[in-house]
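In: kindly return the folded structure for what I paste below:
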Amino acid sequence: MFFISKKNNTTSIFHRLSTISNCLGFGLFFIFLISSCNLFESDEVETTDNDEGKKTDAPEAGGFQPDKDWYTEEAFLGDSPFSGERKLRLKDGSALAKDQKKGIPSALSSYDSDFLEDTDYIGAVSPSGTPWYAESSWSMFGHLIDEDATKHDKVRSQPTDEEVINDAAFRTAIKAADGKLSWSKDKVYILEGLVFVEDGETLSIEKGTVIKGRKQDAGKPGSSLIISRGGKIIAEGTAEEPIIFTFEEDPLDGSTSPDTRGKWGGLILLGKAKLNSAPGETAIEGIPTGETRGLYGGSDDNDNSGTLRYVSIRHAGTELGAGNEINSLTLGAVGNQTSISYIEVVGGKDDGIEWFGGTVRIKYAISAYCADDALDYDEGFRGISQFVIVFQDLSDGGADRGGEHDGGTKPETAEPFAIPLFANLSSLGNPNSRTITFRDNAGGHYFKSIFQGYGKGIDIEFLPESEQDSYLQYRNGNISFFQSYFHGLKVEKNKVFSISTPE
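Out: The predicted structure is shown next:
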């Protein structure tokens, strides 16, 4: 029998699972392995009040319905899936790394199988070979967690020649270059204010180039590079020579802490893909609404905003006001012909990566030490991300959610629904943070992923007066966790999954 308990407007869903113990320096752990095409299934439901045992008006919902075809209680017999409290590498020969079923579940067949790599392991990193974040010296995150701490102290040489770039200077330069401007690694480029690559223009950035954001006065948007609708950025770094975005005073010698945040704005890509909000285009957060070059949205899901490869974005994020922030990496209505791979954000003041609608696909991404949500989406986002690392600051108040998943805004019930796919995610959370929130009619699928160390579980919004909400999305099979582990969450197992009703 399944039980739903409703208290403080939260309905917890659970099944009586056997406890799996694993001390390993963390205390008592439990692991759930789920390979379901639908996270929740209908079954007999008994609704009770936690304190009084009375019947309630909790929504009819199922719990975990154990079935040999999609659920197993196999104990995890190896070391921690992160090979230690602060590691993301799966140990060779661990129970998680071997004998994993290959193949994409049929329920995910609508997602691009040519883009997805079919792995025989769970999580973002292969158990054999060099982790992709540790290739050469491209990733600040890779340096931070490498056992050889001296790598993080390696000085990255910078040219002495600097060029300050404000929007007026950029307009002059790109017009002189007939709309196709190149930045070279022979200079350090200092962004001053908001700099726009406009419709029909292309900015190419050479591998090894450093771009820095200058601090702005209070009340002004942080210095940012914005690729407007119809514009393109071609930023192709390499593992040996990444392209780095950081703040003006960063010496790039390893002395800047990963929790140094909010020193400049961020990188913003705006495209022409579909949104589910009326009237089909929106002004991006963090930029004054009267700036038309900050609009995104359209009808072309195959839109192309360019290429980001081996790009490191550090210490970004500013805000104009509550709910009006520039994230480290913002993707507004970006289409699926845009190429993004080997991208990291470290030390963001707001969200790490935020998607507003669109269909963009990403491989090899890191969101680390961001003060708000690691992965945030809204307005009908329907993209794919594979091989993704979330690594939260463990300090008190150091992070919010691992994932904040919103479906839409005006109206929340509009299509296309936000139902993206995240495959091979490794997410290490703050002990006070929530793993994921689904709300505002959001759905979403996770496949071959690991969630560890969060203080709260996964919350799904239920709106009693609405015909469409995230609760209905999971009832319709649009929220799922296939072949995914929950390990070492600091929450009672009956609260790992919950349905909540807003106050």
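In: use CA for all of it now, contacts and neighbours both
Out: Fine.
In: mind listing what the closest residue to Arg293 other than its chain neighbours touches?
Out: Once flanking residues are discounted, Arg293 sits nearest to Ser228: 5.8 Å by Cα to Cα, 6 or more residues apart in numbering. Neighbouring residues of Ser228 by Cα atoms under 8 Å, 6 or more residues apart in numbering: Phe196, Val197, Glu198, Asp199, Leu269, Leu270, Gly271, Arg293, Gly294, Leu295, Tyr296.
In: quick one: Ser228 from Ala283, how far?
Out: 11 Å (Cα to Cα, to the nearest Å).
In: overlap in contacts, those two.
Out: Gly294, Leu295, Tyr296.
In: can you give me the end-to-end span of stretch 181-197?
Out: End to end - Cα to Cα - stretch 181-197 spans 10 Å.
In: cool, stretch 447-464 as well?
Out: Stretch 447-464: ends 29 Å apart by Cα to Cα.
In: next, the buried residues of that stretch.
Out: The neighbour-count check on stretch 447-464 (16 or more other Cα atoms under 10 Å) flags 447-463 as buried.
In: below-threshold pLDDT in the stretch 251-400 of the chain: ranges please.
Out: Within the stretch 251-400 of the chain, the stretches with pLDDT under 70 are 320-323.
In: all strands of it, in order?
Out: Taking DSSP state E, counting those that start in this stretch, the strands of the stretch 251-400 of the chain run over residues 267-270, 282-283, 295-296, 306-314, 318-321, 324-326, 329-332, 339-346, 353-356, 361-368, 375-378, 384-391.
In: which neighbours does the helix or strand following the last one have in its sheet, and in what orientation?
Out: This means strand 384-391. Moving toward the C-terminus from strand 384-391, the next helix or strand (DSSP states H and E) is strand 403-406. Strand 403-406 sits in its sheet next to strand 375-378 (parallel), strand 434-439 (parallel), going by DSSP bridges.
In: partners of the helix or strand following strand 403-406, with directions?
Out: Heading C-terminal from strand 403-406, the first helix or strand you meet, by DSSP H and E, is strand 421-428. According to DSSP bridges, strand 421-428 forms sheet pairs with strand 384-391 (parallel), strand 444-447 (parallel), strand 450-452 (parallel).
In: state the mean pLDDT of the second one.
Out: To tie it back to what came earlier, the one meant is strand 444-447. The average pLDDT within strand 444-447 is 93.
In: re the thing from before, quick one: the residue nearest to Arg293 from Leu308, how far?
Out: To Leu308, Ser228 is 15 Å away according to Cα to Cα.
In: now Glu354
Out: 15 Å.
In: next: Glu135.
Out: Taken as Cα to Cα, the span from Glu135 to Leu308 is 17 Å.
In: now swap in Ile244 and tell me
Out: Counting by Cα to Cα - Ile244 and Leu308 are separated by 11 Å.
In: Ser204 too?
Out: Per Cα to Cα, Ser204 is found 10 Å from Leu308.
In: more neighbours: those two, which one.
Out: Neighbour totals were compared for Ser204 and Leu308, and Leu308 leads with 21 against 17 (other Cα atoms under 10 Å).
In: ranges for the helices of the protein?
Out: With DSSP state H as the criterion, the chain has helices at 140-145, 167-176, 470-475.
In: on that earlier part again, can you redo the strands of the stretch 251-400 of the chain as TSV with distance to Asn424?
Out: Compiled in TSV, the strands of the stretch 251-400 of the chain are given as follows (distance: least, Cα to Cα, whole Å):
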stretch	distance to Asn424
strand 267-270	24
strand 282-283	31
strand 295-296	29
strand 306-314	19
strand 318-321	30
strand 324-326	27
strand 329-332	20
strand 339-346	14
strand 353-356	17
strand 361-368	10
strand 375-378	14
strand 384-391	5
